[in-house]
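In: Sequence plus predicted model, see below.
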Amino acid sequence: MSAGPEPRVDSARSARFFEPGSVSWRVIGHPVALIGGMRALIVQTMHPLAMAGVSQYSDFRADPLKRLRGTSAYVASIVFGDRATALAAVARVKKLHARVRGTDPVTGQPFSADDPETMLWVHCTEVHSFVAAYRAYAGYLTLAERDRYLAEQVVAAELIGLPREIVPDSVAAYRKYFAGVRSRLCVSAEAARTIDFIVRPRLAGRTPWDLRVAASVFGPAAATLVPRDLRRLAGLPDRPRRELPLRAVNNVAWRVAPLLGRVPVLDGALDAWAVKLVGETPVKLALHQMRARRG
C-alpha cells in the first residue's frame, strides 16, 4: 500500500520531515514523551468512535507494552527518521487502519480508523499531550515555541492522510478545536475500564519489576495532566492527594534523566532499559539523533 504523496515541508531537499532544530525534536525527544503518550490514551478514550476502535481491535490491556512500542516506533520514525523511514512507518499504519471498522455500541454510529474526524482527534490529543507533558515535567516553552511545535506537527497529520486545512496549527487553534469537540465526548464503561488500567495498571506477574514500577509512576503522572473537566468526566479525582508531591518528584526526576545519558557508566544501562520499555526502533532513532545533535 502506498503512503500517498509527501506532505508539504519547508525544504524539498530536506533529508527528513523534522530537523534537529525543530521544537518537535526537543519535545518528543525528551523522556517525558512517554507520560505524554499515556495522557493521550486517557483522553482519546473519551471520543466514542476512537474508543470503539481500541475496544474492538486492540489487546493492549493483555499486552500494553506491544501498543506502547508500536506507537513509540511510529512517532520516532516520523520525527527522527529520514523520509524513507517515515513513509514506511506511515504505510504500515495505514495498512492496519484499513481493517479497523465497525459499529460503535455506545452511539450506534459506524467507525473506522481512517475516518478524518477520528484521525484528527487521535492526532490532536497525541500532539497536545506530548507538549503538555514537556511543559509540566521537562521545561519551559514560550507561546511562540508552542505555536511553532503545533505548526510543525501538521506535517505528521498530512503524512497519515489528513488535509492540512482541517488540522489546527497553533495554541489558539487547538483551544478552538477542543472546545468544538467537547460536546461529543463521553466515558463509556469500556473507556472507564481503560482509563482505570492506565492510571492503576495491573500488569502480569511476569512483567519485569522495573517496568511495573515505571507503569505505576507514569500512569498517575499522566492522569494529573488531564484537564480538570475531563478528569471529572472520567471519574478521576479533581485533585488527587498525590498530585502535588508527584509533580514535584517528576519535575526533578525528568530534568535529571537526560543528564544521566552523559555519564558513560550509566549510558549503556539507560539505553538497555529504554529498549526494554519502548523497543529498539525508537531508541535507535531518537537517542542516536539526540546524541548526534549535542555532539
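Out: Arrived safely.
In: just the helices in the stretch 101-250 of the chain please.
Out: 116-137, 143-152, 154-160, 171-181, 189-199, 209-223, 228-234, 243-260 (DSSP state H, counting those that start in this stretch).
In: can you redo those as CSV with mean pLDDT?
Out: Shown next, in CSV, are the helices of the stretch 101-250 of the chain (pLDDT from 0 to 100):
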stretch, mean pLDDT
helix 116-137, 95
helix 143-152, 97
helix 154-160, 96
helix 171-181, 98
helix 189-199, 90
helix 209-223, 78
helix 228-234, 93
helix 243-260, 50
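In: which residues does the nearest residue to residue 167 once chain neighbours are set aside contact?
Out: Closest residue to residue 167 apart from its sequence neighbours, by CB to CB, 6 or more residues apart in numbering: residue 157 at 4.4 Å. C-beta here means a position set from N, CA and C on the backbone, and glycine is covered the same way. Contact analysis of residue 157 by CB atoms under 8 Å, 6 or more residues apart in numbering lists 119-120, 123, 164, 167.
In: for the residues you listed, which one is nearest residue 216?
Out: Minimum distance to residue 216 across these is 28.5 Å, recorded for residue 123 (CB to CB).
In: Residue 121 reaches residue 45, doesn't it?
Out: No - between residue 121 and residue 45 there is no contact under CB atoms under 8 Å: 10.8 Å.
In: Who has more neighbours out of these two?
Out: residue 45 (25 against 22; other CB atoms under 10 Å).
In: Pop out the phi and psi values for that one.
Out: Main-chain dihedrals, residue 45, degrees, to the nearest 10: phi -60, psi -20.
In: which residues touch it?
Out: Counting by CB under 8 Å, 6+ apart, residue 45 has contacts 51, 54, 187, 191, 194-195.
In: Just flag the most distant two among those residues.
Out: Checking these with CB to CB, the most distant pair is 54 and 187, at 13.2 Å.
In: Could you tell me how far stretch 190-208 lies from the centre of the chain?
Out: How far stretch 190-208 lies from its chain's middle: 17 Å, per CA atoms, centre = their mean, to the nearest Å.
In: can you list contacts of that stretch?
Out: 38, 41-42, 45-46, 48, 51, 54-55, 61, 64-65, 187, 211-212, 215-216, 219-220, 222-223, 234-236, 276.
In: Enumerate every residue touching residue 176.
Out: residue 168.
In: wait, I meant residue 225
Out: Residue 225 touches 35-36, 39, 129, 132-133, 136, counting by CB under 8 Å, 6+ apart.
In: and the two most separated of those?
Out: Largest pairwise distance in the contacts of residue 225, by CB to CB, is 10.4 Å, between 129 and 136.
In: For those two, work out which one has more neighbours and name it.
Out: Between residue 129 and residue 136, residue 129 has the larger neighbour count (other CB under 10 Å), namely 24 against 20.
In: Tell me how far that one lies from residue 18.
Out: 18 Å (CB to CB, to the nearest Å).
In: cool, residue 115 as well?
Out: Distance of residue 115 to residue 18, given as CB to CB: 26 Å.
In: Those two: who's more crowded?
Out: The neighbour comparison of residue 115 against residue 18 (other CB under 10 Å) goes to residue 18, with 23 against 18.
In: Report the secondary structure element holding that one.
Out: Using DSSP states H and E, residue 18 sits within no helix or strand.
In: could you list every residue that touches it?
Out: Contacts of residue 18 (CB under 8 Å, 6+ apart): 24-25, 78-80, 152, 155.
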